[in-house]
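> Sequence and predicted structure are below.
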Amino acid sequence: MESLKALIRTVPDFPKAGIGFKDITTLIKNGDAFAAAIDEMANQFDPDRVDLIMGIEARGFIFASAMAYKWNKGFIPVRKPGKLPAQTKRLEYDLEYGTDALEIHKDAIQPGQRVLVIDDLLATGGTVAAACQLVEQLGGEVAGVGFLIELTFLNGRAKLEQYKLSSLIEFDSE
């Protein structure tokens, strides 16, 4: 994973001062590295225990849709409010300073379906925890949560202890 980690660019002070943004575009533009990342993310889970793959807007779509294609599974998007055209289920959740919300189509998940939740990066865990709650509110089962990157110093894993969690690349500081 060190070879993949070396391809991730850290952009200082983006989107605001003090943040070291982990830019994955430098990894995904490399076809071999992108394929290796998808293959390794997929290797962390059993495709026979997954019915659907959910991607969290927006960079999570990149990895989730590629995994869905690889496994011949359906892909379902979770988006910011107002982006999905049909009836949605909305969930507001707390951030460190304020609130945010996610939406999913009400018919995206059937009761009992096993959903693998994928995003590019695990930080504080609030967004992915909200996505998992949406899966469960629609009657689905969270089959696991997977990330390319985990910012371990933010301890987002603590909000997801009840789920099988995998991250390929860890950063232990900004």
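Now that the structure is in, tell me what you want to look at.
> quick one: the longest strand along the chain to chain centroid distance?
Secondary structure assigned by DSSP state E gives strand 141-151 as the longest strand of the chain. A distance of 6 Å separates the C-alpha centroid of strand 141-151 from that of its chain, computed with C-alpha atoms, centre = their mean, to the nearest Å.
> Residues contacting that strand, please?
Contact with strand 141-151 is made by 8, 22, 24, 27, 37, 41, 44-45, 49-51, 63, 112-123, 128, 132, 135-136, 156-157, 160, 163-171, as judged by C-beta atoms under 8 Å, 6 or more residues apart in numbering. In this view, the C-beta of every residue, glycine as well, is placed from N, C-alpha and C.
> List buried residues within those.
Buried residues within those, defined by neighbour count using 16 or more other C-beta atoms under 10 Å: 8, 22, 24, 27, 37, 41, 45, 50-51, 63, 113-123, 128, 132, 135, 156-157, 160, 163, 165-169, 171.
> Which of those residues fall within strands?
Of the buried ones among the contacts of strand 141-151, the ones assigned to strands by DSSP E are 22, 114-122, 165-169, 171.
> Closest one to residue 15 out of those residues, please.
If you rank those by distance to residue 15 using C-beta to C-beta, residue 22 comes first, at 12.1 Å.
> Just to check, the closest one is in contact with residue 122?
No: under the contact definition of C-beta atoms under 8 Å, residue 22 does not touch residue 122, with a separation of 10.8 Å.
> okay, the angle between the longest strand of the chain and strand 114-122?
Orientation check (axes from the mean of the first three to the mean of the last three C-alpha atoms, to 10 degrees): strand 141-151 against strand 114-122 gives 10 degrees.
> Averaged pLDDT, strand 141-151. What do you get?
Mean pLDDT, computed over strand 141-151, is 98.
> quick one: strands adjacent to that strand?
The strands that strand 141-151 pairs with in its sheet are strand 114-122 (parallel), strand 165-171 (parallel) (by DSSP bridges).
> Buried residues, it. List them.
Using 16+ other C-beta under 10 Å as the burial criterion, the residues of strand 141-151 that qualify are 142, 143, 144, 145, 146, 147, 148, 149, 150, 151.
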